[in-house]
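Colleague: when you get a sec, could you give me coordinates for this:
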Amino acid sequence: MEVEPGRHCHSGAMTLATWHGLVIEAHDVDAQSRFWADVLGLVVAGPVEDRRLEGETPRHTVRVVETDRPHEPKTAKNRVHPDLDCGSVEEVVAHGGRVLAPAEETGFAWTTMHDPEGNELCAFARPGRSLPAYRLHGLGIDCVDPGAQAAWWGEVLGVEVEHQRGDHGDEWWTLTGAAVDARMTLDFNAVPEPRTERSRVRWNVVGDVDALLSRGATRLADGLLADPEGNPFGVVPSRMLGA
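Modeller: Down below sits the predicted model:
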């Protein structure tokens, strides 16, 4: 679904921004690029300083960037983690992933894993099914107040929020059709712990910085804002897309 910032989407809501792409910080850009390209069904393109994992459309692009905190160890869970489809968990392990909590032990539909640099991901094994070419089907976003966060991002991205309840008493708030395609979701979940460090996984949007600031974002740096819970996201002005 392509909706230009400032236009109405199908739900009638006004959008302030549109999805531009995912960003993953890395210590080893080459190794992380290979891992994520393999498990997401993307192709590695560009030099290390402009590394892109490319798919069917520009919205599928994942940028792998060298972290600006090379000597800072990861000590807390990322506030954003990818949810991906796979033929089996063993396939993800073969590419360099590490199992933390198998689905068979937790009773959930996913296996919690780490990528080669310790970033969290959830792998949904689909044995015997035909996997889509692009295998990222969602992002899990940890929040103190997931309902409020989902409502804010729903307003920014111009989509309605769906309140979901699972079989284990869990609940989350979902945005559908706001990211890469109609299949991919943004799922906002409650976590007890506060944010203690910057997530190494984030996303960029196309939008107007001033409009986003007026709706409750805060400025971190040029082209980098934070949402109401302090999670960073990049902003690309629409005039820069053709540059």
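Colleague: contacting residues for the spatially most central residue of the chain?
Modeller: Closest residue to the average C-alpha location of the chain: Leu139 at 4.4 Å, with C-alpha atoms, centre = their mean. Residues in contact with Leu139 (C-beta atoms under 8 Å, 6 or more residues apart in numbering) are 22, 80-83, 179, 184-187, 201, 203. For glycine as for every other residue, the C-beta is placed from the backbone atoms N, C-alpha and C.
Colleague: please tell me how far Leu139 sits from Ala179.
Modeller: Remark: distance between Leu139 and Ala179 (C-beta to C-beta, to the nearest Å) = 7 Å.
Colleague: which neighbours do the two have in common?
Modeller: When contacts are counted by C-beta under 8 Å, 6+ apart, Leu139 and Ala179 are jointly contacted by 185-186, 203.
Colleague: and the two most separated of the contacts of Leu139?
Modeller: Largest separation among the contacts of Leu139 by C-beta to C-beta: Thr185 and Val201, giving 15.4 Å.
Colleague: where does the prediction get shaky in the protein?
Modeller: Low-confidence segments of the chain (pLDDT under 70): 1-14, 240-243.
Colleague: helices of that one, start to end?
Modeller: Ranges of helices in the chain, per DSSP state H, are 29-40, 89-94, 103-106, 146-157, 209-214.
Colleague: now the ones you listed as CSV including mean neighbour count and distance to Thr67?
Modeller: Compiled in CSV, these are given as follows (neighbours: other C-beta atoms under 10 Å; distance: least, C-beta to C-beta, whole Å):
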stretch, mean neighbour count, distance to Thr67
helix 29-40, 20, 9
helix 89-94, 16, 22
helix 103-106, 12, 30
helix 146-157, 20, 24
helix 209-214, 14, 24
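Colleague: let me have those in CSV, extended by distance to Glu120.
Modeller: Shown next, in CSV, are these (distance: least, C-beta to C-beta, whole Å):
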stretch, distance to Glu120
helix 29-40, 13
helix 89-94, 13
helix 103-106, 14
helix 146-157, 17
helix 209-214, 27
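Colleague: out of these, the one nearest Arg195 is which?
Modeller: Arg195 sits nearest to helix 146-157 of all those, at 11.5 Å, using C-beta to C-beta.
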